[in-house]
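>>> sequence and predicted structure below; questions after.
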Amino acid sequence: MLATVLQLHLFGMATQDCYFGLDAQHDRVILFKTVDLALHDEGSALQAVENLVNQAERWKVALLAFAQKAGQSGAQGDPRLFHRA
């Protein structure tokens, strides 16, 4: 699954500057984004967080569907694969 998401995000272009990573301790894929708050006012910082949440929801659905189609064991309906911190 990790190889797939690394190919899918294409340097953040398809994820609006969010990136996939691996939480090895919990064996799950994570989505994250770095936001330099010094460069943002309240409105643009909130927009950056909203973009992250929207991308997390989008990719959660898309990757679960992909995993189901690929028939990967343990991926179907396993909420541990996706986590918003």
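That came in fine, so what should we check first? Residues are numbered from 1 along each chain as shown.
>>> buried ones in stretch 50-65?
51-52, 55-56, 59-60, 63-64 (16 or more other CB atoms under 10 Å). (Each C-beta comes from the backbone N, C-alpha and C, glycine too.)
>>> actually stretch 14-27, not the one I wrote
Neighbour-count burial for stretch 14-27 flags 15, 18, 20 (criterion: 16+ other CB under 10 Å).
>>> where does residue 30 land in three-state SS?
Under DSSP: H, G, I helix; E, B strand; the rest coil, the three-state class of residue 30 is strand.
>>> now do it, the pLDDT please.
Per-residue pLDDT puts residue 30 at 87.
>>> which residues in the protein form strands?
Counting by DSSP state E, the chain has strands at residues 19-23, 28-32, 82-83.
>>> residue 71: which of those strands is closest?
Residue 71 lies closest, by CB to CB, to one member of these: strand 28-32, at 17.4 Å.
>>> using CSV, write down the CA coordinates of the closest one.
In CSV, the C-alpha atoms belonging to strand 28-32 read as follows (Å, rounded to 0.1, in the frame of the first residue of the first chain):
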residue,chain,number,x,y,z
ARG,A,28,-0.6,2.4,8.9
VAL,A,29,-0.5,5.1,6.2
ILE,A,30,-0.7,8.7,7.3
LEU,A,31,-1.4,11.9,5.5
PHE,A,32,0.4,15.1,6.7
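>>> show me what it is packed up against.
Strand 28-32 sits against strand 19-23, helix 42-70, strand 82-83, with contacts defined as 3 or more CB pairs under 8 Å, 6 or more residues apart in numbering; DSSP states H and E.
>>> any idea how far the residue of the chain most remote from its centre lies from residue 48?
For the chain, the largest distance from the centre (CA atoms, centre = their mean) belongs to residue 41, which lies 24.3 Å off. Separation of residue 41 from residue 48 (CB to CB, to the nearest Å) stands at 11 Å.
>>> of the buried residues of stretch 14-27, closest to residue 29?
Comparing the buried residues of stretch 14-27 against residue 29 with CB to CB places residue 20 closest, at 5.8 Å.
>>> now residue 38: how far from residue 16?
In this structure, residue 38 and residue 16 are 20 Å apart, going by CB to CB.
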